[in-house]
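*Asks:* Predicted model and sequence below, questions to follow.
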Amino acid sequence: MADADVVLLTVADGVATLTLNRPESLNAWTPAIESRWNELLDLLATDHDVRALVVTGAGRGFCSGADRNALGRRSRGDEAPRVRERPLTSLLRYPKPVIAAVNGACVGLGLALALCCDVRFAAGDAKLSAPFARLGLAAEFRTPWLLPRLVGRGNALDLLLSGRVVLADEALQLGLVQRVLPRDELLPAAVEYAAEIADSCSPAALAAIKAQVAEPEIVGMVGSEGVASLADFAEGIAALNEHRRPNFPPLTLERPWWSE
């Protein structure tokens, strides 16, 4: 499989769908996936036709974690923990909304990837876990930083210390995911949700809100009254008064702050 094929890309109605494409391994994460993933994120950040992203996996899994061959080499001492060219948590700073469509196994690094997305939809038979302790590892990929912010300290420690599997309905109850759907409805629902955001919301406001949530101390991103763009604000009010969809301009990026 060519490296370009390990993450598939489709674009329609303002939404880019990224599909991890190693179904034979439940989309286990590899350096090739990571490289292609970062390449596509950079490409889509400046694509004015794309205003929201959906992430999913091919086949029965979302992402089963780091590739087992790499884990095996590491367990033998043949391979040190790899320094990532860009942390997964940079997705929290990404200027466009990212929706995870968790279609199956979502484990370890895969769980961290889903947690870094802004909103998570899950298939009814999806299974999520952070099995680091069962592998003799401390929690990795910033999972111990991400989980408490979503589910609270006690629930986060329950999941991290036990390494147990969480089914979709419990994940919804905990706040790990925001919606549970039948498998065949999952991706269409996630894309429809992303398309509504793309069609109705100001790209400048979306980027500003994500920055506010990820890093409240950021100064200068948004004014004191929360106006990300005066022109967008004027258009939003006009659209409201005229009972029509707003026509917001695309986001203009001065620098790729999300990858720093």
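*Replies:* Perfect, thanks for sending it. Numbers count the residues shown, from 1 in each chain.
*Asks:* mind checking the SS state of the closest residue to residue 187 other than its chain neighbours?
*Replies:* Once flanking residues are discounted, residue 187 sits nearest to residue 101: 5.0 Å by C-beta to C-beta, 6 or more residues apart in numbering. Just so you know, the C-beta spots here come from the backbone N, C-alpha and C atoms, and that holds for glycine as well. Secondary structure, DSSP: H, G, I helix; E, B strand; the rest coil: residue 101 is strand.
*Asks:* so what's residue 101 bridging to?
*Replies:* Beta-bridge partners recorded for residue 101 (DSSP bridges): residue 121.
*Asks:* which ones are touching it?
*Replies:* 54-56, 62, 121, 186-187, 189-191 (C-beta atoms under 8 Å, 6 or more residues apart in numbering).
*Asks:* can you list those in CSV and add neighbour count?
*Replies:* Converted to CSV, these look like this (neighbours: other C-beta atoms under 10 Å):
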residue, neighbour count
54, 26
55, 25
56, 25
62, 30
121, 29
186, 23
187, 18
189, 16
190, 27
191, 23
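*Asks:* so of those residues, which ones are in strands?
*Replies:* Counting by DSSP state E, the part of the contacts of residue 101 found in strands is 54-56, 62, 121.
*Asks:* which two in those residues are spaced the farthest apart?
*Replies:* 54 and 62 (11.9 Å; C-beta to C-beta).
*Asks:* any residues in contact with both of those two?
*Replies:* Joint contacts of residue 54 and residue 62 (C-beta under 8 Å, 6+ apart) are 100-101.
*Asks:* Distance from stretch 133-153 to the middle of the chain?
*Replies:* 16 Å (C-alpha atoms, centre = their mean, to the nearest Å).
*Asks:* Which parts of this structure are helices?
*Replies:* 31-45, 68-75, 109-116, 143-151, 153-162, 168-174, 183-200, 203-214, 230-241 (DSSP state H).
*Asks:* for the stretch 151-260 of the chain, which spans come out with low pLDDT?
*Replies:* 216-226, 254-260 (pLDDT under 70).
*Asks:* Go again with 50.
*Replies:* Low-confidence regions of the stretch 151-260 of the chain, defined here as pLDDT under 50, cover residues 217-224.
*Asks:* Ok, the stretch 1-150 of the chain next?
*Replies:* 1.
*Asks:* how does it look with 70?
*Replies:* For the stretch 1-150 of the chain (pLDDT under 70), the answer is 1-2, 70-84.
*Asks:* so which of the helices of the chain gets nearest residue 6?
*Replies:* Across the helices of the chain, closest to residue 6 is helix 31-45 (C-beta to C-beta), at 4.8 Å.
*Asks:* what angle sits between that closest one and helix 109-116?
*Replies:* Using axes from the mean of the first three to the mean of the last three C-alpha atoms, to 10 degrees, the direction of helix 31-45 lies 20 degrees away from that of helix 109-116.
*Asks:* Okay, buried residues for helix 31-45 please.
*Replies:* By neighbour count on 16 or more other C-beta atoms under 10 Å, the buried set for helix 31-45 is 32-34, 36-38, 40-41, 44-45.
*Asks:* Same check on stretch 116-130?
*Replies:* So for stretch 116-130, counting by 16+ other C-beta under 10 Å, buried means 116-123, 126-130.
*Asks:* Tell me how many other residues crowd the closest residue to residue 23 other than its chain neighbours.
*Replies:* Counting by C-beta to C-beta, 6+ apart, residue 23 lies nearest to residue 59, which is 2.9 Å off, once chain neighbours are set aside. By the criterion of other C-beta atoms under 10 Å, residue 59 has 17 neighbours.
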